[in-house]
Structure formats: C-alpha cells, structure tokens
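# I'll drop the sequence and a predicted model, then ask my questions.
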Amino acid sequence: MCVTNFSIRHMSHTFESTIYIHLAPFSFPLLYIFYTASMYCVLGIAMERFLSIAKNKCTNQGAFFGYILPILVFCSIYNIPRFFELRLVEENGVSRLAPTSMMRSDQYRCFLISANLFLTGVGPILCMCVLNCLVSRRLKGKGSQVTSRDKSASFLISGLVLVMVICHAPRNLLNIYELILKVYPKLSPPARWMSDVNHIFLVLSSSCNLLIFLTQDNVFRSLLLHKLGIYLYDRVPAVENTTKELTKIDPECALEAELKSKLNLLKINSTAE
C-alpha cells in the first residue's frame, strides 16, 4: 500500500494516470485501516504483556478473538469515512482525482484532524505510558520473584513507548499545527517535506517495533527463526504438540503450556463423565 500510494506513482506518470487514479479511492482508506490497526496491535501486545504479569483472568482470551478481531473491527469502522474522501472526475476527456464535498468541508477536516490526534496519536501513547508505569509497579511489588519473562515484558513495553513517542512526534505536531491553522488561517501551511518526514518516521516505527520484538522476546525470536529454518538450539525430531515445541524454545513457557494442557484434559474428562 505504501509503495503504491507514495512511491510508484511519483516514479511513473503512466502508472499514476492509468492505474493509480482508479486505485487511490480504495487504497488510501485501506492504508489508513492497516496503519491504525498496526498501532493498536502494538497497544494490544503491551496490554497482553501487562495482563500476563498481573496474572489477570482476562489474559487467555485468544490472540484472534481477544485482540486482533476487535482491533480490525474498530479500525475498519473508524476509517469508513475515508472511502468517501476522493472521487474520479473527467475534464476534457482526462480523468483525475478530486476531493469530495465532504472532504472539502471545514467541519469534517477539523473533526478528522482532532480524531487522528487523540485516537491515533496522543491517546495510544498515553495508554502505553500508563501500561509501562503499571508494569514497573507490578515488578517492584514482586521483588525477588520477578522472572526473566517479566523483565523482558517490561523492557519490551518501554522500548515500544520510546519508539512510539519519537516516531509519531512529527505526525502529532503536524496535526496540532493544522488545528492551529483552523483558528489562525493567515499562518502559512506546512511544507511538503514535513509530510514526507512524517511518512519516513512512520515506516521507521514499524521497523523498530520488529527489532524490539526480536531483541526482547525470546519466544518470538525463536519461533520466527524456527519458521525461517534457522535453529539456535539442537534440532530435534518434528514436534507433535505445543509443549514439546515450547520446550525447545523456553522452559518457563513450556511448563506453563504443560499445566494448561493438563487442565484442559481434566476439563474434558469431567465433561465426558
């Protein structure tokens, strides 16, 4: 999506005039949906780590139904108006993209900038900071009972907060400046290069998040390398269940998986009886 909307169309006029103008009314909204979802997925991961440290009963809700599905539903609904911002018009036999009447509305622009600032900017950052503080307090309360996975979760959330604050600062500043322009229209609009810097930092944010997961989460790193065919441990025969696979990756996680499997077996047996 990013390549199509921000790269290829600037390098090929033919692509822009023949293909891009038909894709843009749909590709831009999808891009915003994926962007919003990526940010809230990071927030969801931080929430999951906090719940795991707090030993909350809401921890084991499942990745898809507990986090991914609600995030996708929210992001899709939130970005529905994006599908009505651009339209294809023809002038003198030449097709071009033009903003709709809704997009030209000052009220809609003000609402859009404000919503982006608080729901995809300041809001998630504040939530991440709060989660980071709560995790730190939990770990201090545990004292000597802090495990390596708890420390890893704390460093992971701290790294995500730092990256989010730095990489989303240009976007938040641009949104704030655009809101100021609504009050003081005589001010000069932001330069084009500011928008380009904003896009570069957003790409860096996604890249840095992956690096943080690789360095701070042993299970994530081991599973990723395992899927790529790279083994950091002695290779064993093909695993047949989750416990054996996790034993090769993380003993603590393997013990937890074994206990869960035994509890599931007890539930199945009691149901059968």
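Looks like it arrived, so ask away. As the structure is a computational prediction, the values presented were derived from the model and not from experiment. Residues are numbered from 1 along each chain as shown.
# buried set for the one helix or strand residue 108 maps to?
Element membership of residue 108 [criterion: DSSP states H and E] is helix 106-117. Going by neighbour count (16 or more other CB atoms under 10 Å), the buried part of helix 106-117 is 108-109, 112-113, 116-117. Glycine gets a C-beta too; all of them are placed from N, C-alpha and C.
# Name the residues that touch it?
78, 81, 102-103, 172, 175-176, 178-179, 182 (CB atoms under 8 Å, 6 or more residues apart in numbering).
# By neighbours, which of those residues wins?
Counting neighbours by other CB atoms under 10 Å, the top entry in the contacts of helix 106-117 is residue 175, with 21 neighbours.
# From residue 176, how far off is the nearest residue in space to it that is not next to it in sequence?
Leaving out its chain neighbours, the residue that sits closest to residue 175 by CB to CB, 6 or more residues apart in numbering is residue 117, at 4.2 Å. Plainly put, residue 117 is 7 Å away from residue 176 if you go by CB to CB, to the nearest Å.
# so how far is the host helix or strand of residue 89 off the chain centroid?
Secondary structure from DSSP H and E places residue 89 in strand 86-91. Once both centres are worked out by CA atoms, centre = their mean, to the nearest Å, strand 86-91 turns out to sit 33 Å from its chain's centre.
# could you say what helices and strands it packs with?
When contacts are defined as 3 or more CB pairs under 8 Å, 6 or more residues apart in numbering; DSSP states H and E, strand 86-91 packs onto helix 21-54, strand 94-99.
# which parts of the longest one are buried?
To tie it back to what came earlier, the one meant is helix 21-54. Buried residues in helix 21-54, counted by 16+ other CB under 10 Å: 21, 24-25, 27-33, 35-53.
# hang on, residue 156 packs against residue 211?
No - with contact defined as CB atoms under 8 Å, residue 156 does not count as touching residue 211 (11.4 Å).
# The two - which one has more neighbours?
Set residue 156 next to residue 211 and count neighbours by other CB under 10 Å: residue 156 wins out with 22 against 11.
# Confirm that one sits in a helix?
Yes - counting by DSSP: H, G, I helix; E, B strand; the rest coil, one finds residue 156 located in a helix.
# Distance of it relative to residue 53?
Distance of residue 156 to residue 53, computed by CB to CB: 11 Å.
# ditto for residue 228
In terms of CB to CB, residue 228 sits 29 Å off from residue 53.
# helix, strand or coil for residue 186?
Three-state call for residue 186 (three-state DSSP): coil.
# Quick check: phi and psi at it.
phi -80, psi -10 (degrees, to the nearest 10).
# Same question for the one 4 residues further on.
When quoted as degrees, to the nearest 10, the phi and psi of residue 190 stand at phi -60, psi 150.
# number of nearby residues for it?
14.
# is it true that it touches residue 175?
No - Residue 190 sits out of contact with residue 175 when judged by CB under 8 Å, with a separation of 10.3 Å.
# Stretch 102-109 spans what distance, first to last residue?
9 Å (CA to CA, to the nearest Å).
# burial of the closest residue to residue 38 other than its chain neighbours, as a residue count?
The shortest distance from residue 38 to any non-neighbouring residue, by CB to CB, 6+ apart, is to residue 206 (6.3 Å). A count of neighbours around residue 206, defined by other CB under 10 Å, yields 15.
# Check the spacing between residue 133 and residue 12 real quick.
Taking CB to CB, one finds residue 133 at 48 Å from residue 12.
# cool, residue 225 as well?
Distance, residue 225 to residue 12, by CB to CB: 37 Å.
# likewise residue 80?
30 Å.
# Tell me which of the two has more neighbours.
residue 12 (13 against 10).
# residues in contact with stretch 78-91?
21-22, 24-26, 28-29, 32-33, 36, 95-100, 102-103, 108, 112, 115, 119.
# if we go to 6 Å?
Residues outside stretch 78-91 that contact it (CB atoms under 6 Å, 6 or more residues apart in numbering): 24-25, 29, 32-33, 95, 97-98, 100, 102-103.
# can you tell me which of these lies nearest to residue 201?
residue 32 (16.4 Å; CB to CB).
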